[in-house]
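Dropping the sequence and predicted coords here.
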Amino acid sequence: MVSQEQRRRQLAREKFLRQQQRRTASRRKARMRNSVIASVLGVIVIGSVALYTTGVLKDDDKKVNASEQTTPSATPTSKAPDPCAKPAAGSVKKLSWKKEPAMSIDTSAKYTLKLATTCGDIGVALKASAAPHTANSFDFLAGKGYFDHTKCHRLTTQNIYVLQCGDPQGTGMGGPGYTLPDENLKDKSLKNNTYPAGTVAMANTGQKHTGGSQFFLVFKDSQLPPSYTPFGTIDATGMKVLNKIAAAGESTGGGDGAPNATVVINKATVTKS
């Protein structure tokens, strides 16, 4: 016969196991939520100094969940004025595909991605020959109006310096329904685990070949492992726009949050020359 004390201990063990299961499920969901950039910040907080960013930055299974870190409260500062205009009329299209679009670009030609944003135009020279799947996907998605009226949802201004865009949901969790292979990870520009200012690269979940539609624009040299497909270079005008957005800061005051500027891609186009 089980004594009352034994029963009490059994119930306590069962309760503990349930709590552990809930915590494990919660951590798994949090890892899926975090984009490549939040993860790198979590690693930095515990002293791994910019060796990772998932969903924009290291191996998801080896990272410390950014949502579980305790960071010092940022001192409130006065919010910089919004340097950007109101978004153009229109709404985000809800589009999704089951597989990557068929290759249709000419990898020997030059392609330019133009992001007409509320803060100004950002031109990106695509690396079609070095990252053909990525360039082809952007040509396809832009042609479908996938990026139109979408917000650039994240700005990171400490340790890494990037603006993240390309999510129709504006949450860091959206995508086109398909994934892309990693490409061009040995690009000559990626020296000493650094993505130089002016680079445009794909965000991912921290696992290989998980890029979708989200991408980040680097406005200042950022130390990151070469795990994020570099597929374009920002033009001079675009860098001025990007620096204007960065100067306005982000919403948390802690170096990682929604940009204070109203950054909306009114229209994205890809042109061949």
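Received the coordinates, thanks.

List the beta-bridge partners for the closest residue in space to residue 256 that isn't next to it in sequence.
Distance criterion Cβ to Cβ, 6 or more residues apart in numbering; nearest residue to residue 256, sequence neighbours excluded, is residue 156 at 4.8 Å. (Glycine included, C-beta is placed from N, CA and C.) As for beta bridges, residue 156 partners with residue 162, residue 256 under DSSP bridges.

Offset the numbering so it begins at 52, please.
In the new numbering, first residue 52, that becomes residue 207.

these two touch, right, residue 207 and residue 306?
Yes - Residue 207 is within contact range of residue 306, at 6.5 Å (criterion: Cβ atoms under 8 Å).

Of these two, which one has the most company?
Shown here are residue 207 and residue 306; by other Cβ atoms under 10 Å, residue 207 has more neighbours (26 against 18).

Now do the more buried one against residue 292, distance only.
For residue 207, the distance to residue 292 equals 17 Å [Cβ to Cβ, to the nearest Å].

same question, residue 324
With Cβ to Cβ as the criterion, residue 324 and residue 292 are 21 Å apart.

Counting neighbours, go ahead and name the busier of these two.
The neighbour count for residue 324 versus residue 292, taken as other Cβ under 10 Å, is higher for residue 292 (26 against 7).

Retrieve the pLDDT associated with residue 132.
Looking at residue 132, its pLDDT is 84.

I'd like to know how many residues surround the closest residue to it other than its chain neighbours.
Computed as Cβ to Cβ, 6+ apart, the closest residue to residue 132 that is not its neighbour in sequence is residue 299, at 7.5 Å. For residue 299, the neighbour count with other Cβ under 10 Å is 19.

picking that back up, how far away is the residue nearest to residue 307 from residue 288?
Distance, residue 207 to residue 288, by Cβ to Cβ: 22 Å.

Residue 145 contacts residue 225, doesn't it?
No - between residue 145 and residue 225 there is no contact under Cβ under 8 Å: 9.8 Å.

Can you pull the residues that touch both of those two?
Listed contacts common to residue 145 and residue 225 are residue 219; contacts here mean Cβ atoms under 8 Å, 6 or more residues apart in numbering.

between those two, which one's more packed in?
Between residue 145 and residue 225, residue 225 has the larger neighbour count (other Cβ under 10 Å), namely 19 against 9.

and the residue nearest to that one when sequence neighbours are not counted, how many residues sit next to it?
Spatial nearest neighbour of residue 225, excluding adjacent residues (Cβ to Cβ, 6+ apart): residue 218 at 4.0 Å. When neighbours are counted by other Cβ under 10 Å, residue 218 registers 24.

do the same with the one 10 residues further on
Under the neighbour criterion other Cβ under 10 Å, residue 228 is assigned a count of 13.

how much space between it and residue 149?
6 Å.

Also residue 264?
Distance from residue 264 to residue 149, by Cβ to Cβ: 15 Å.

now swap in residue 240 and tell me
Distance check for residue 240 against residue 149: by Cβ to Cβ, it reads 33 Å.

What of residue 295?
With Cβ to Cβ as the criterion, residue 295 and residue 149 are 38 Å apart.

Quick check: the closest residue to residue 148 other than its chain neighbours vs residue 217, distance?
Counting by Cβ to Cβ, 6+ apart, the nearest residue to residue 148 once its immediate chain neighbours are dropped is residue 228, at 4.8 Å. Distance check for residue 228 against residue 217: by Cβ to Cβ, it reads 14 Å.

Now do the shared contacts for the two.
Shared contacts of residue 228 and residue 217 (Cβ under 8 Å, 6+ apart): residue 263.

Show me which strand runs longest in the protein.
In the chain, taking DSSP state E as the definition, the longest strand is strand 315-323.
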